[in-house]
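Trainee: Fold the following.
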Amino acid sequence: MDATELARRLLAPIPAHLTLGLEVLRAADGSAEVAAEVPEALTNVIGSLHSSGLITLIDAAGLAALIAAVSDPAGFEGVVPLGAAADLRFLAPARGRLTASCHLAEAERASAAAVFNGTAKSARVTTAAEVRDESGRLVCEGSFHWSLRRR
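Mentor: Predicted structure coming up:
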């Protein structure tokens, strides 16, 4: 299912996403891409996106991929995704327009789907994402460990 509009609607009001200028490019079938132009106000001492901006991209790509695992938009209603831990690797300066992508592994997608379709009340899911600059160079990669719970 293409959940791009649902992901846009759910991610748009998050303050960190607003500050970064985050844009959901695509969220479908357990995969997602988000992007942002690095704002000067969020750069570090070398003019690269600060680590807080990079974790925002990794988090948003993972959350959008989770949203993209729903088979029906109503399945996400009442589900609370909470981050439990994150791991990041900084590989190169992050400048210009950055794109983060995440594709859920089949086991992660199945665990999330069980919460979305109501056959499970909770699940622990890990998303892995990478951030690339305009030239396609990998600047950061990371994982986000989620707790999904149905209220």
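
Trainee: contacting residues around Asp29?
Mentor: With contact taken as C-beta atoms under 8 Å, 6 or more residues apart in numbering, Asp29 is in contact with Met1, Asp2, Ala68, Ala69. Just so you know, the C-beta spots here come from the backbone N, C-alpha and C atoms, and that holds for glycine as well.

Trainee: Can you name the two of the residues you listed that sit furthest apart?
Mentor: The distance between the two most remote of the contacts of Asp29 (C-beta to C-beta) is 12.2 Å, for Asp2 and Ala69.

Trainee: okay, the two: which has more neighbours?
Mentor: With neighbours defined as other C-beta atoms under 10 Å, Asp2 and Ala69 compare such that Ala69 has more, 27 against 11.

Trainee: For burial, what's the neighbour tally of the residue lying closest to His50 once chain neighbours are set aside?
Mentor: Of all residues not flanking His50 in the chain, Asn44 sits nearest, at 4.8 Å (C-beta to C-beta, 6 or more residues apart in numbering). For Asn44, the tally of surrounding residues (other C-beta under 10 Å) stands at 13.

Trainee: do you know how far Asn44 is from Gly78?
Mentor: Note on Asn44: its distance to Gly78, by C-beta to C-beta, to the nearest Å, is 39 Å.

Trainee: Which residues does Thr99 form beta bridges with?
Mentor: Ala35, Arg132 (DSSP bridges).

Trainee: Ignore what I typed, I meant Ala85.
Mentor: With DSSP bridges as the rule, Ala85 is bridged to His145.
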